[in-house]
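Participant: Sequence below, structure please.
(2 chains)
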Amino acid sequence: MLTNLFPNVDWADMWEATVETLYMTVISVGATFLLGIILGLLLFLTEKGNLWQNNPVNKVVAAFVNIFRSVPFIILIILLIPFTTLLLNTMLGANAALPALIIGAAPFYARMVEIALREIDKGVIEAAKSMGATDNQIIFKVLLPESLPALVSGITVTAIALISYTAMAGVVGAGGLGTLAYLDGFQRNQNDVTFVATVIILIIVFIIQWIGDFFTHITDKR
Amino acid sequence: MITLQNINKIFQTKDGVVNAVNGVDLNIEKGEIFGIIGYSGAGKSTLIRMLNMLERPTEGSVNINGNQLTKLNGRKLREARQNIGMIFQHFNLLWSRTVRENISFPLEISGFEKEEREQRVSELIQLVGLEGRGDSYPAQLSGGQKQRVGIARALANKPDILLCDEATSALDPKTTDSILSLLVDINQKLGLTIVLITHEMHVIRKICHRVAVMEDGRIVEQGPVLEVFKTPKQRITKEFVKQVTEPEETDETIQHLVNGSDTNTVVKLTFVGGSTERPLITELIRSFNVSVNILQGKISQTRDGAYGTLFIQFEGDPGELERAIQFITEQDVEVEVINNANKSIS
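Facilitator: Alright, predicted model coming up:
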């Protein structure tokens, strides 16, 4: 029946592309989460009045974040071609898309992390200090746990943005559902391939949103 | 126990230099409950934060248990802080942790093993009366319960000193009283030194041994609570004392009565300690040919005795009145005659 409805879809190819998309998404979300939290913490902690108050560092990190957040992703991929080839010796395949995905998404997430951390009541940090907490204890026992629901909902939004980035990366040869939809679907005028690839991407997005909402909900004790 | 010497704190703001705390000297004894009262902006919040170096004084020294806190840094300072508990107006609990986990937090910081922590937490839950709420999250507690968690958390590391930053200001009167009783209880049971700041004289009256009054970054008056109630010297101190000794709108009511007639004399009597329990008015009427009309009165209990004010209206022969007033003065009761012309003569 599926063969009748979608005559041009090669299901083995479709499956392989789905796995590639999932692979790119999972790796880039994981790396974005880590890098974003580090950058976000750095932004927050070096702000005036916070633990590591340091204006020059704050300005440099903020500039880095703003620049990479503002460059349109499709242009970022092209700009990063020399960097990627240097790193991986190739411009093709799922791995080649990762640097651009991470560099594009981490600053975006870093800003969300910073906002989440700012939402924490300063009094709670003061209370931890009054108990004799070290900076590390404040970061790992106060800042991160207290902002966890916002960090989770932030990474959910970022993950969904990353899926659309992987599709874009597909257009320049990264593989995955984006490549399939563009090369097999659009360029060979096989609309059913484009359609199926889109539906699969939508399903992935819905699942990520659902998982994200679930974890935001169970971590939020307010 | 706690000695502050010539403490100054200067903040640089866009509008210029603000001298938040100005030349404060203070001595707090071991085991006492010391209150600092002042209106907002008086610098009391800054002052209490300098007792654990959440704010560093611009000048002066803070000495706790022979330890120069002002000179400590890093690990030494963190260790010193573990000996000073602090509770806050807005509780400042971690909402992501349960009651037990919140109380356990300072114990994690000071590196206790899990088993020890669990045991200590159970003791503390009992001490502050939160049995059965251990697994609740702060969001599920009332204000008073949250402050109890705050107190348990502050006591976890068995500190010698407890700092209370407007600890009851966000609570209703009834809850305030229960938290104050808990503080007195802890003070007696554990021999803890408590330093509290507040803008409510009620808090001072109820639990403090000594009080300091702050205005514009300076301590303008200090002494044992009953003494300060008896003979407030500064205008601001008189205002605070009035908060608890006179019912609201007293001034207006009395002024109204005084202006309403010119044959009457209105007198304010101030009783302190034992004199509050004597049948003074009865003796007055029996011994002198005057009629007495009681207008308004109030007695407040401090830790060291009662303190009360009574407004009465006299009618009678001027000579007899003078003798009556003379008699009252001899009974250790302060008399203030309130005149027609809106001025007071003592």
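
Participant: ok so B:Phe112 is a strand residue?
Facilitator: No: applying DSSP: H, G, I helix; E, B strand; the rest coil, one finds B:Phe112 to be coil, outside a strand.

Participant: Make sure it is actually in contact with B:Glu118.
Facilitator: No: counting by Cβ atoms under 8 Å, B:Phe112 stays clear of B:Glu118, with 9.6 Å between them. All C-beta spots, glycine's among them, are computed from the backbone N, C-alpha and C.

Participant: Tell me which of these two has more neighbours.
Facilitator: Set B:Phe112 next to B:Glu118 and count neighbours by other Cβ atoms under 10 Å in any protein chain shown: B:Phe112 wins out with 17 against 13.

Participant: ok, now which ones touch B:Ile281?
Facilitator: Counting by Cβ atoms under 8 Å, 6 or more residues apart in numbering or on different chains, B:Ile281 touches B:Val292, B:Ile294, B:Ile312.

Participant: From B:Val292, how far out is it?
Facilitator: To B:Val292, B:Ile281 is 6 Å away according to Cβ to Cβ, to the nearest Å.

Participant: quick one: common contacting residues for these two?
Facilitator: B:Ile312.

Participant: quick revisit: so which of the contacts of B:Ile281 sit within strands?
Facilitator: Using DSSP state E, B:Val292, B:Ile294, B:Ile312 are the members of the contacts of B:Ile281 that sit in strands.

Participant: And the residues you listed, which is closest to A:Tyr165?
Facilitator: For those, the residue nearest A:Tyr165 by Cβ to Cβ is B:Ile294; the value is 83.0 Å.

Participant: burial count for the closest one?
Facilitator: Neighbourhood size, B:Ile294 [other Cβ under 10 Å]: 10.

Participant: Helix or strand: which one has A:Phe44?
Facilitator: Here A:Phe44 is covered by helix A:11-45, with elements defined by DSSP states H and E.

Participant: other SSEs contacting that helix?
Facilitator: Helices and strands touching helix A:11-45, by 3 or more Cβ pairs under 8 Å, 6 or more residues apart in numbering or on different chains; DSSP states H and E, are helix A:55-70, helix A:94-118, helix A:148-171, helix A:176-179, helix A:191-219.

Participant: dump the residue contacts of B:Leu141.
Facilitator: B:Leu141 makes contact with B:Val99, B:Arg133, B:Val149 under the criterion Cβ under 8 Å, 6+ apart.

Participant: pLDDT and distance to chain A for these - can I get that in a markdown table?
Facilitator: Compiled in a markdown table, these are given as follows (pLDDT from 0 to 100; distance: Cβ to the nearest Cβ, whole Å):
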| residue | pLDDT | distance to chain A |
| --- | --- | --- |
| B:Val99 | 96 | 11 |
| B:Arg133 | 93 | 14 |
| B:Val149 | 96 | 11 |
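
Participant: contact partners of the longest helix seen in chain B?
Facilitator: Among all segments of chain B classified by DSSP state H, the helix with the greatest residue count is helix B:173-190. Helix B:173-190 is touched from outside by B:31, B:33, B:127-129, B:142-144, B:147-148, B:151, B:155, B:158, B:162, B:164, B:167-168, B:171, B:192, B:194, B:196, B:200, B:202-203, B:206-207, with contacts defined as Cβ under 8 Å, 6+ apart.

Participant: Buried residues, it. List them.
Facilitator: Within helix B:173-190, the residues scored as buried using 16 or more other Cβ atoms under 10 Å in any protein chain shown are B:Thr175, B:Thr176, B:Asp177, B:Ile179, B:Leu180, B:Leu182, B:Leu183, B:Ile186, B:Asn187.

Participant: ok, now stretch B:128-148?
Facilitator: By 16+ other Cβ under 10 Å, the buried positions in stretch B:128-148 come out as B:128, B:130, B:133-134, B:136-138, B:141, B:143-148.

Participant: so B:Phe314 is in which element?
Facilitator: Assigning secondary structure by DSSP H and E places B:Phe314 in strand B:305-316.

Participant: For that strand, which residues meet the burial criterion?
Facilitator: Of the residues in strand B:305-316, B:Gly305, B:Ala306, B:Tyr307, B:Gly308, B:Thr309, B:Leu310, B:Phe311, B:Ile312, B:Gln313, B:Phe314, B:Gly316 count as buried by neighbour count, 16+ other Cβ under 10 Å.

Participant: could those go into a markdown table alongside pLDDT?
Facilitator: Below are the buried residues of strand B:305-316 laid out as a markdown table (pLDDT from 0 to 100):
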| residue | pLDDT |
| --- | --- |
| B:Gly305 | 81 |
| B:Ala306 | 83 |
| B:Tyr307 | 82 |
| B:Gly308 | 82 |
| B:Thr309 | 84 |
| B:Leu310 | 86 |
| B:Phe311 | 86 |
| B:Ile312 | 86 |
| B:Gln313 | 84 |
| B:Phe314 | 82 |
| B:Gly316 | 81 |
